[in-house]
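Student: When you get a sec, could you give me coordinates for this:
(2 chains)
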Number of protein chains: 2
Amino acid sequence: MAASGEEQKRSLDGEPPRPLDLPPLAISMAAQRQFDLQGYGFGAKPEQLRPPRVLRVGLVQNQIPLPTNAPVGEQVVALHRRIEEIVEVAAMCGVNVVCFQEVWTMPFAFCTRERLPWTEFAESAEDGPTTRFCQKLARKHNMVVVSPILERDATHGETLWNTAVVISNSGAVLGKSRKNHIPRIGDFNESTYYMEGDRGHPVFQTQFGKIAVNICYGRHHPLNWLLYSLNGAEIIFNPSATIGKLSESMWPIEARNAAIANHCFTCAINRVGTEVYPNPFTSGDGGEAHRDFGYFYGSSYVSAPDGSRTPGLSRTEDGLLVVEMDLNLCRQVSDTWNFKMTGRYEMYTQELAAAVQPDFVPNVIKE
Amino acid sequence: MAASGEEQKRSLDGEPPRPLDLPPLAISMAAQRQFDLQGYGFGAKPEQLRPPRVLRVGLVQNQIPLPTNAPVGEQVVALHRRIEEIVEVAAMCGVNVVCFQEVWTMPFAFCTRERLPWTEFAESAEDGPTTRFCQKLARKHNMVVVSPILERDATHGETLWNTAVVISNSGAVLGKSRKNHIPRIGDFNESTYYMEGDRGHPVFQTQFGKIAVNICYGRHHPLNWLLYSLNGAEIIFNPSATIGKLSESMWPIEARNAAIANHCFTCAINRVGTEVYPNPFTSGDGGEAHRDFGYFYGSSYVSAPDGSRTPGLSRTEDGLLVVEMDLNLCRQVSDTWNFKMTGRYEMYTQELAAAVQPDFVPNVIKE
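Tutor: Numbers count the residues shown, from 1 in each chain, chains lettered A, B, ... in the order given. Below you'll find the predicted structure:
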């Protein structure tokens, strides 16, 4: 019973989500504004007691519009403008919850290990200019906005954090979620700038469903996804910044595995393009000093709990991915596969508690 | 910077492992004995203090050679014979550690919910006929044998378990590992036959490296992989039995994600073919009673800690996948990506301990 090419692809990628009919005006505006616009829909079976819980999420990926040596304020304004015109199209496409890429208001400058001007991009999560900008977007479009920024926490020793601010469609700041796992790899010198998040795994109850934000490197940690899910997340966003040579073979795997393992939707977002910095830096790989951060390969996508996924956005262009989903699918898949019921978390609590002890003896059987 | 088709494939699948030059006699014997033989090799960088730790593993997938209504003893003997002729070729290919599919000595009869004759396939892990058969293979070929069987534990109330017996290349029984997570889905009525394993996450120190066995449904549970890894496993075998309609879109994702997340090699093995049973049974999906178990799609493969993977074996034919690997790659990838160093297991111990309490209050933020 060999599969045809088409069958084989369906077997491996899951039942493909249906293409969405997006408004012609949105399509022409996306073309005019030069970004990739794609739309897909995941369904769920009808139930007797619950009505469908259908919403549309929007994933935004973008290049930095100005060079990294432009004045900080101008770079931020240019990014706000670019996002504003993409979100306008998202609103036309009926998006209820939009998420931007990791630290979307700045270049991903942590490769430089320089303080200035990069730390000047940090803002208050509660009332910084970017949060105020997103509140306006949220109110204008009746849209939940997930806004990952570099946070400056002035009330706690001016500490910087890698933080996602979640803004309700009412315009209120619902709360924030901090990056729990920080990379120390290649040009990702992020532990130089901020520490591991101290807020655990908050889930945000929005009008459209329960959402959480697993920022970038946290996607490599299955426990991070799990704890968002145990707290009730139905959609987990993964705003990221990652480059081709390093991670592209992992990109289609990790968020999709998390959707399967946790019976939820996952939304993987990566930035796009090459960012060039004013001063040369080395990458800890024995190579020459250089001024660019490799290639951010975009390819943002959404995975469903049944293992299916959307195609990725462009590898090279700004993009908006509009995905309709019926959140009832989460419980339907959970009731079928039962990964939480069979998860044996008590056993793992004990084994993990033992494994972190200084005198832990691994369970190794020898002849 | 758009990628060509070839570049794109490399980006997504990782740097492909090199094809192995297998002995011409092995190739012709595999053809004669009608099974798919493929060989690949994963390398690692040279180090100053550690010599390469290169071994070859063999993954075996096979159909049941006799119909399910043949006498039990004859079915077992036929399976022993089939495995013997595949392992002989594995030995010619220099395989050091071989692993067979889940409950390899029987049809996957748990769809039936019938006791007899299926429970007659259960054997002692320590000195049943199949363990003795594998001990002979191990000694003859100087090969570690991982033998997943249906275990009858006569000293503990005649309990049945889904167990992998690990036999050293010396021929000694090194120990056993029991399936930790048991499915209740569709025709996988396995919880009718055995309970969740009670042996935790043992790792077996063999002459060739540290190995562990995550049986079938355990591949859906990221914590299961993690605990084998925290106990030191460098290779985790995942002997499975799974069918197309249910799981094929998850198959290429989960074991590969586990290799990435745990900095180890993973070996996913699935059986092949359609098994037809004497009596009709239903599948809990509203459909008519029927007598077959869908299509086991083979596709066994190996993933490396750097995110790369081998192609899969045939979807339709018996097969032997020979994979050479340098175990030094595990630590090399770990020292690069640091997922364990950045794992924050203390935090998760606390959060998991809270999550399993009866009065657990999920961390949900509302407006």
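
Student: now the residue of the stretch 51-200 of chain A found nearest chain B, nearest residue through space, not along the chain?
Tutor: Residue nearest to chain B within the stretch 51-200 of chain A: A:Gly175 (4.4 Å; CB to the nearest CB). C-betas here are computed from N, CA, C, even on glycine. In space, and not counting its chain neighbours, A:Gly175 is closest to B:Ile365: 4.4 Å by CB to CB, 6 or more residues apart in numbering or on different chains.

Student: pLDDT value on the one you found, please?
Tutor: Looking at B:Ile365, its pLDDT is 98.

Student: List the contacts of the residue of the stretch 1-150 of chain A found nearest chain B.
Tutor: Minimum separation of the stretch 1-150 of chain A from chain B (CB to the nearest CB) falls at A:Gly14, amounting to 3.5 Å. Counting by CB atoms under 8 Å, 6 or more residues apart in numbering or on different chains, A:Gly14 makes contact with A:304, A:306-309, B:249.

Student: likewise A:Ile64?
Tutor: So A:Ile64 contacts A:75, A:79, A:106-107, A:273, A:275 (CB under 8 Å, 6+ apart).

Student: any chance of these in a markdown table, plus secondary structure?
Tutor: Output for the contacts of A:Ile64, formatted as a markdown table (DSSP: H, G, I helix; E, B strand; the rest coil):
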| residue | secondary structure |
| --- | --- |
| A:Gln75 | helix |
| A:Leu79 | helix |
| A:Met106 | coil |
| A:Pro107 | coil |
| A:Gly273 | strand |
| A:Glu275 | strand |
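
Student: Looking at the residues you listed, which is nearest B:Ala122?
Tutor: The nearest member of these to B:Ala122, counting by CB to CB, is A:Gly273 at 59.4 Å.

Student: Could you count how many residues lie near that closest one?
Tutor: 19 (other CB atoms under 10 Å in any protein chain shown).

Student: With A:Pro305 instead?
Tutor: With neighbours defined by other CB under 10 Å, the count for A:Pro305 comes to 28.

Student: so A:Ala78 touches A:Pro67, yeah?
Tutor: No. Using CB atoms under 8 Å, A:Ala78 is not in contact with A:Pro67; the gap is 10.2 Å.

Student: Let me know the closest of the contacts of A:Gly14 to A:Pro358.
Tutor: Looking across those and measuring by CB to CB, the closest to A:Pro358 is A:Gly307, at 39.9 Å.

Student: Could you look up the SS state of that closest one?
Tutor: Per three-state DSSP, A:Gly307 ends up coil.

Student: Now for it: which residues touch it?
Tutor: Contacts of A:Gly307 by CB under 8 Å, 6+ apart are A:14, A:256, A:259-260, B:247, B:249-250, B:253.

Student: got a list of what the residue of the stretch 51-200 of chain A closest to chain B touches?
Tutor: By CB under 8 Å, 6+ apart, A:Gly175 lies in contact with A:165-166, A:202, A:204, B:365.

Student: isn't A:Gln34 right up against A:Glu317?
Tutor: Yes. With contact defined as CB under 8 Å, A:Gln34 and A:Glu317 form a contacting pair (7.2 Å).

Student: Looking at the two now, which is surrounded by more residues?
Tutor: Taking other CB under 10 Å, A:Gln34 and A:Glu317 do not tie; A:Glu317 has more neighbours (16 against 9).

Student: Find the residue closest to that one in space, skipping its chain neighbours.
Tutor: In space, A:Glu317 is closest to A:Asp36, 5.0 Å off (CB to CB, 6+ apart).

Student: Would you mind naming the residues that bridge with the one you found?
Tutor: A:Gly319 (DSSP bridges).

Student: Go ahead and confirm it touches A:Leu320.
Tutor: Yes. A:Asp36 lies in contact with A:Leu320 (CB under 8 Å); the separation is 7.3 Å.

Student: Now the common contact residues for those two.
Tutor: A:30, A:313.

Student: Find the residue closest to the residue of the stretch 1-150 of chain A closest to chain B in space, skipping its chain neighbours.
Tutor: Using CB to CB, 6+ apart, the closest residue to A:Gly14 is A:Ser308 (2.9 Å).

Student: is it true that the one you found touches A:Pro16?
Tutor: Yes. Between A:Ser308 and A:Pro16 there is a contact at 6.7 Å, judged by CB under 8 Å.

Student: Tell me which of the two has more neighbours.
Tutor: Using other CB under 10 Å as the criterion, A:Ser308 and A:Pro16 rank with A:Ser308 on top: 22 against 14.

Student: that older thread, please name the residues that touch the residue nearest to A:Gly175.
Tutor: Contacts for B:Ile365 (CB under 8 Å, 6+ apart) come out as A:166, A:174-175, A:202-205.

Student: run the last query once more with 10 Å
Tutor: Residues in contact with B:Ile365 (CB atoms under 10 Å, 6 or more residues apart in numbering or on different chains) are A:166, A:174-177, A:202-206, A:210, A:212, A:231.

Student: do the same with A:Ala355
Tutor: The neighbours of A:Ala355, taking CB under 10 Å, 6+ apart as the test, are A:348, A:361-363, B:201, B:226-227, B:230-231, B:343, B:345-346, B:349.

Student: A:Val145 too?
Tutor: Taking CB under 10 Å, 6+ apart as the test, what A:Val145 contacts is A:58, A:83, A:87, A:97-100, A:131, A:133-139, A:165-169, A:171, A:173-174.

Student: Return the subset of those residues lying in strands.
Tutor: With DSSP state E as the criterion, strands contain A:58, A:97-99, A:165-167, A:173-174 from among the contacts of A:Val145.

Student: Now for those residues: which two are most distant?
Tutor: Largest pairwise distance in these, by CB to CB, is 19.4 Å, between A:Gly58 and A:Val173.
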